[in-house]
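1. return a 3D structure for these sequence lines:
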Amino acid sequence: MTVQLGERQAGFDTRKLGFPSVDGCMAIVAVLPEGLYGYHSFGGERDTDWPRIIPQFKAFIEGKGGDLAKATRLYGITHVSKRGWSLGVRKERWKEELKAYYDDLGLSCRISGYNLDDGVAGGFHKKDKSAYVEFEKFGSKCDVSVQSWDTVTYTRQKAAQNPWGNAIKSIQGGKLVAVQGDIFDPVTAKALKKISKIALKS
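-> Predicted coordinates for the structure are as follows:
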């Protein structure tokens, strides 16, 4: 059962994390020896948002015992054309946002990313649709796979039905709180396409 992170939810799993319906959001994952720490950034693209969000994500990781000095990769997956719409040149802002996470989390690893718009061009993701994004840990890095969200089977539940306990939290109003919003469980994606990430920082 893959841990699924809905909007503004942070989570941990030793092996796999899923991100339902990534559209203008960013799926952010840090790889540490013990597993994957992720955050589904809904909004949060402005540099004025980062001081409210990133310290809480850091607190979540460290609260689980994660040593960020041992991180081996930081990933960011989004539709670049849909994120940061008010911020000028989107491709550069995408990189700046991930660099802010890198700096404020105190990382010294590589940064890799993927523009989901390229999945549309590649023919395996539908134009104008959100995507399901799944990370699977292999050693010091991840395989990342995607599928158009409208072709995924899922059950949407309330936060009270959270099956993962304290493995997931929400970041709301600059605070790390008990999980809020929708829970997606189970999620069944039978047509996942493994993507080729690009290096944003070596």
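
2. ok, which stretches of the protein are helices?
-> 50-63, 90-104, 116-121 (DSSP state H).

3. any idea of the mean pLDDT in the second one?
-> Translated: helix 90-104. Summarised as a single mean, pLDDT over helix 90-104 is 89.

4. buried set for that helix?
-> Buried positions in helix 90-104, judged by neighbour count with 16 or more other C-beta atoms under 10 Å: 90, 93-95, 97-102. The way it works is simple: take the backbone N, C-alpha and C, and place the C-beta from them, glycine included.

5. which other helices and strands does the lowest-mean-pLDDT helix or strand in the chain contact?
-> Across the helices and strands of the chain, mean pLDDT, DSSP states H and E gives its lowest value to helix 116-121, namely a mean of 82. Applying 3 or more C-beta pairs under 8 Å, 6 or more residues apart in numbering; DSSP states H and E, one finds that helix 116-121 contacts strand 131-138.

6. flag every buried residue along the strand it packs on.
-> 131-137.

7. sorry, back to before: got the buried residues of helix 90-104 as CSV, with distance to Ser108 columns?
-> Listed next are the buried residues of helix 90-104 as CSV, based on distance: C-beta to C-beta, whole Å:
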residue, distance to Ser108
Arg90, 27
Arg93, 23
Trp94, 21
Lys95, 17
Glu97, 19
Leu98, 14
Lys99, 13
Ala100, 15
Tyr101, 13
Tyr102, 9
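
8. pull the most distant pair out of the residues you listed.
-> The span of the buried residues of helix 90-104, defined through C-beta to C-beta, is set by Arg90 and Tyr102 at 18.6 Å.
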